[in-house]
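>>> Fold the following.
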Amino acid sequence: MAFPIVGSGSAALVSGAYPGYSASASGSKFIPEIWSGKLQVKFYKSTVLGEITNNDWEGEIKGQGDKVNIRAIPTITIRDYTKGQNLTNEVPVSTPIELLIDKGKYFSVVVDDVDAVQVDVKLMDMFTNDASEQMKIAIDGTVLQNAYTSAASANQGATAGVNSGNINLGATNAAITVTKDGASSTRSILDMILDMGQVLDEQNVPEDGRWLVIPPWCAAMLKKSDLRQAYLTGDNESPLRNGKLGMIDRFTIYVSNNLASVADNAGTTGTTADDYTGWYVMAGTRDAISFASQITNVETLRAQSTFGNIVRGLNVFGYKVVKPEALVTAYIKKG
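Residues are numbered from 1 along each chain as shown. Below you'll find the predicted structure:
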């Protein structure tokens, strides 16, 4: 993506980098030219992982291979009552969920001494801030692109619904074609959301804290669809008028570019004309996925092979689908 450079009369573009990038043959970066030294704000993908997972963990993470305990809510037994009977008391016991911190991601960049002298911004701070944002995006992608496979078998596929068994949420080579209004044998975006809500209802999943993550094209469909019904939005005002997706059928809607997508084929003729991109859309509650993450090391040191400083950092993390029944997956394509 190209970003405009804000400066004194300059409309130059810098492709996928930062303002202050020199397009000269020397290839030097972050050296101011005719424009001001202000860096243009870099746009990052939205990160949602911290909002949709149970990250209430106990313990200390020192490195990859550590384990932490996730606090789990105990299940209370409900008993029949007869007048005058002796009551049975129980002590609720929460069984800690052990979570292995088995994944890690790092960054390591060099700030050349020459560039550091010529530039009028703090390169080390800028690199570190950018790396932390990119780290969140990378970790989001790792979890969102893998956790969907662990939804309960009754919460995915063409025969979803632990009680009904007749809710089609899509399958390989048979993604649901989603449109804004459900015309021409397609599924409307709203019907898909309602179906995913029904699947969770049949599993007795609590309504509080439900979330749904969709790709940007689904979000655009929602904004174009008819969302005037108050029971869908939880609001008296349509999201079409206030510009917000908000809550739909008890789901808080999140938009992410980090969901899993695959090149699929309908399998009818075997030609490329049948190919499409399928997306795995996830919904659930925060209790479905446990997640723990920690930046364990950020350090600065002198480079050995050049004149400059190295800044590098390590982030270790782990996740686990602990309540598959509280996670639902739909496999869809854009109609």
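>>> Flag every buried residue along stretch 100-107.
101, 105, 107 (16 or more other C-beta atoms under 10 Å). (Each C-beta comes from the backbone N, C-alpha and C, glycine too.)
>>> which one of those is nearest residue 322?
For these, the minimum distance to residue 322 (C-beta to C-beta) is 15.2 Å, reached by residue 101.
>>> What residues are bridge-paired with residue 290?
Counting by DSSP bridges, residue 290 forms beta bridges with residue 54, residue 320.
>>> so where's the stretch 101-250 of the chain shaky on pLDDT?
116, 118-124, 226-245 (pLDDT under 70).
>>> All the strands of it, residue numbers only.
103-112, 176-179, 187-188, 210-214, 247-248 (DSSP state E, counting those that start in this stretch).
>>> would CSV of the ones you listed with distance to residue 62 be doable?
Shown next, in CSV, are the strands of the stretch 101-250 of the chain (distance: least, C-beta to C-beta, whole Å):
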stretch, distance to residue 62
strand 103-112, 12
strand 176-179, 45
strand 187-188, 48
strand 210-214, 31
strand 247-248, 39
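>>> so of those, which one's packed in deepest?
Mean neighbour count (mean count of other C-beta atoms under 10 Å) peaks for strand 210-214 among the strands of the stretch 101-250 of the chain, with a mean of 24.
>>> Go ahead and name everything in contact with that strand.
If you take C-beta atoms under 8 Å, 6 or more residues apart in numbering as the criterion, strand 210-214 is touched by 48, 51-52, 144, 193, 196-197, 200, 222, 248, 250-256, 259, 281-286.
>>> Report the buried members of these.
48, 52, 144, 193, 196-197, 200, 222, 248, 250-256, 259, 281-286.
>>> and these, which of them are in helices?
Here DSSP state H is the test, and the buried ones among the contacts of strand 210-214 give 52, 144, 193, 196, 197, 200, 222 as lying in helices.
>>> now for the residues you listed, which pair is the farthest apart?
Farthest-apart pair in those is 144 and 197; separation 19.8 Å (C-beta to C-beta).
>>> what's stretch 83-92 in contact with?
Residues contacting stretch 83-92 (C-beta under 8 Å, 6+ apart): 74, 75, 76, 77, 79, 81.
>>> pLDDT of it, averaged?
For stretch 83-92, the mean pLDDT works out to 90.
>>> Run a quick neighbour tally on residue 276.
As a burial measure, residue 276 scores 17 neighbours (other C-beta atoms under 10 Å).
>>> Now do the contacts for it.
175, 263, 264, 265, 266, 333.
>>> and it, what helix or strand is that in?
strand 275-285 (DSSP states H and E).
>>> I'd like to check the angle between that strand and strand 210-214, please.
Interaxial angle, strand 275-285 versus strand 210-214 (axes from the mean of the first three to the mean of the last three C-alpha atoms, to 10 degrees): 160 degrees.
>>> For strand 275-285, list the C-alpha coordinates in CSV.
Below are the C-alpha coordinates for strand 275-285, written out as CSV (Å, rounded to 0.1, in the frame of the first residue of the first chain):
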residue,chain,number,x,y,z
ASP,A,275,-12.3,-22.1,-7.7
TYR,A,276,-13.1,-19.7,-4.9
THR,A,277,-11.7,-18.3,-1.7
GLY,A,278,-13.3,-19.9,1.4
TRP,A,279,-13.2,-18.1,4.8
TYR,A,280,-13.5,-19.7,8.2
VAL,A,281,-15.6,-17.4,10.3
MET,A,282,-15.5,-18.0,14.1
ALA,A,283,-17.9,-17.1,16.9
GLY,A,284,-18.0,-18.1,20.6
THR,A,285,-17.5,-16.8,24.1
